[in-house]
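Enquirer: The amino acid sequence is not available; the structure is as follows:
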């Protein structure tokens, strides 16, 4: 009788492992009856734990003193800027939505004529002076000058308020572009606010003066509101929920031998033929264990939604460095990945003739796709067809 040893992924602990194993048993029974299925519960004895009861988790703003301490019950410009980084035009859209009907007298300039002209002038300059903000600013100004939101926003806001809104939109656009480009250096809040102030003055706001007092702070603050300090207030609870997954990966890469040795010991107690089936980090553990030395009786490796190929290509797989080939003792390898799972990687291009890829499609977005393999009949068919 073939025995499938299932190695779970990150963050899985009891009672969830038993639930997951029951689902896999049910799915494989339909495609490969008579197969024995065991679980390797490495998460219990070897998974990541907050052994000092979370002593490393900072208390957060409002709980300390000095620079960076703040009052979570008061306004939090950090959250407001986070919204603008996601959508730099959010504040402009809010202003435009609040515009009422307005009639421009014959011969009078439209409210958006001057701000559009100032934006075009800013776009035409090769080196705009806006504090430390520079790269990408002309392009952002040119695009904002063409925005259909500018007209209704100019009707809803006076010149002063509109200048600050446009300055924040430009600043958020440039910073968001840098973030998307994975720039290794980002300015702090003081650098950002100085850029906003300089741009606002260029776009028609009154000169802010020499000091950076309360009025300048309020004028430079976004109008958008996220309305929650949830992440900071609940940092301990969020860490408790997230640390097993992230911690498992880090602990494995730093000290994974105990996890590999536990798998070797379990396989040694099982009559062959044996198949190793690993999901996510479980697939990495299974692959690493096989590469590090022969496992008698194991005739097939199956990885599902696993990052083993990616770690190998990036030089992070503990047991094998690119471009070294798989050792001859590694058995045939079936690698299943969902085309929508951003944590599933292809093995066949890296190990031609040694690994076979099967691409599936759960029609679920990521991250749901990473856990949807075990309800996908195509996964069980692919596994069942190849079991010895």
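Expert: Now that the structure is in, tell me what you want to look at. Just so it is clear, the structure is predicted and the values come from calculations on it, not from any experiment.
Enquirer: in the helix or strand harbouring residue 195, what's buried?
Expert: In this assignment (DSSP states H and E), residue 195 forms part of helix 189-202. Buried residues in helix 189-202, counted by 16 or more other CB atoms under 10 Å: 192-202. Heads up, the C-betas are built off the backbone N, CA and C, glycines and all.
Enquirer: ditto for stretch 304-314
Expert: By 16+ other CB under 10 Å, the buried positions in stretch 304-314 come out as 304-313.
Enquirer: Cross these against strands and list the overlap.
Expert: Using DSSP state E, the subset of the buried residues of stretch 304-314 located in strands is residue 304.
Enquirer: Tell me the one of the buried residues of stretch 304-314 nearest residue 146?
Expert: Ranked by distance to residue 146 (CB to CB), the buried residues of stretch 304-314 are led by residue 310 at 40.4 Å.
Enquirer: what about the nearest residue to that closest one once chain neighbours are set aside, how many residues close to it?
Expert: Residue nearest to residue 310 in three dimensions, not counting chain neighbours: residue 345, with 4.4 Å by CB to CB, 6 or more residues apart in numbering. Using other CB atoms under 10 Å, residue 345 has 22 neighbouring residues.
Enquirer: cool, the one 5 residues further on as well?
Expert: Counted with other CB under 10 Å, the neighbours of residue 350 add up to 19.
Enquirer: returning to that earlier point: for the helix holding residue 195, packing partners?
Expert: For helix 189-202, the elements it packs on are helix 77-86, helix 113-124, helix 159-180, helix 214-219, judged by 3 or more CB pairs under 8 Å, 6 or more residues apart in numbering; DSSP states H and E.
Enquirer: tell me the angle that helix makes with helix 77-86.
Expert: Counting by axes from the mean of the first three to the mean of the last three CA atoms, to 10 degrees, helix 189-202 points 60 degrees away from the direction of helix 77-86.
Enquirer: start the count at 22, not 1, going forward
Expert: Will do, 22 is the new start, and the previous item becomes helix 210-223.
Enquirer: Listing request: residues of the stretch 222-371 of the chain with sub-threshold pLDDT.
Expert: Scanning the stretch 222-371 of the chain for pLDDT under 70 picks out the ranges 229-265.
Enquirer: in it, which spans are strands?
Expert: Secondary structure of the stretch 222-371 of the chain (DSSP state E, counting those that start in this stretch): strands located at 295-300, 319-325, 354-359.
Enquirer: Identify the residues contacting the last one?
Expert: Defining contact as CB atoms under 8 Å, 6 or more residues apart in numbering, one finds that strand 354-359 is touched by 304, 308, 321-327, 329-330, 347, 365-369, 372, 375-383, 385, 390-391, 393-394, 397, 400, 403-404, 407.
Enquirer: Of those, select the buried ones using a ChimeraX command.
Expert: Buried subset of the contacts of strand 354-359, written as a ChimeraX selection, criterion 16+ other CB under 10 Å:
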select :304,308,321,322,323,324,325,326,327,329,330,347,365,366,368,372,375,376,377,378,379,381,383,385,390,391,393,394,397,400,403,404
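Enquirer: taking the contacts of strand 354-359 one by one, which sit in helices?
Expert: 304, 308, 329-330, 390-391, 400, 403-404 (DSSP state H).
Enquirer: Please identify which pair of those lies farthest apart.
Expert: Largest separation among the ones in helices among the contacts of strand 354-359 by CB to CB: 308 and 390, giving 21.0 Å.
Enquirer: before we move on, back to that, ok now the helix holding residue 216, how far from the chain's centre?
Expert: Centroid separation between helix 210-223 and its chain, computed with CA atoms, centre = their mean, to the nearest Å, is 29 Å.
Enquirer: can you check stretch 347-361 too?
Expert: Here stretch 347-361 is found 26 Å from its chain centre; the criterion is CA atoms, centre = their mean.
Enquirer: sorry, back to before: what's near enough to touch the residue nearest to residue 331?
Expert: Residue 366 touches 327-331, 356, 358, counting by CB under 8 Å, 6+ apart.
Enquirer: what's the answer for residue 26, then?
Expert: Counting by CB under 8 Å, 6+ apart, residue 26 touches 59-61, 284, 287-288, 291, 295-298.
Enquirer: Put the buried members of these into a PyMOL selection.
Expert: Buried members of the contacts of residue 26, defined by 16+ other CB under 10 Å, are picked up in PyMOL with:
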select buried, resi 59+60+61+284+287+288+295+296+297+298
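Enquirer: From the contacts of residue 26, pick the one nearest residue 134.
Expert: Using CB to CB, residue 298 comes nearest to residue 134 of these, at 66.8 Å.
Enquirer: For the closest one, give me its contacts.
Expert: Residue 298 neighbours (CB under 8 Å, 6+ apart): 25-28, 45, 307, 323, 325, 404.
Enquirer: okay if I get these as CSV plus distance to residue 169?
Expert: Output for the contacts of residue 298, formatted as CSV (distance: CB to CB, whole Å):
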residue, distance to residue 169
25, 58
26, 60
27, 55
28, 54
45, 53
307, 55
323, 53
325, 47
404, 53
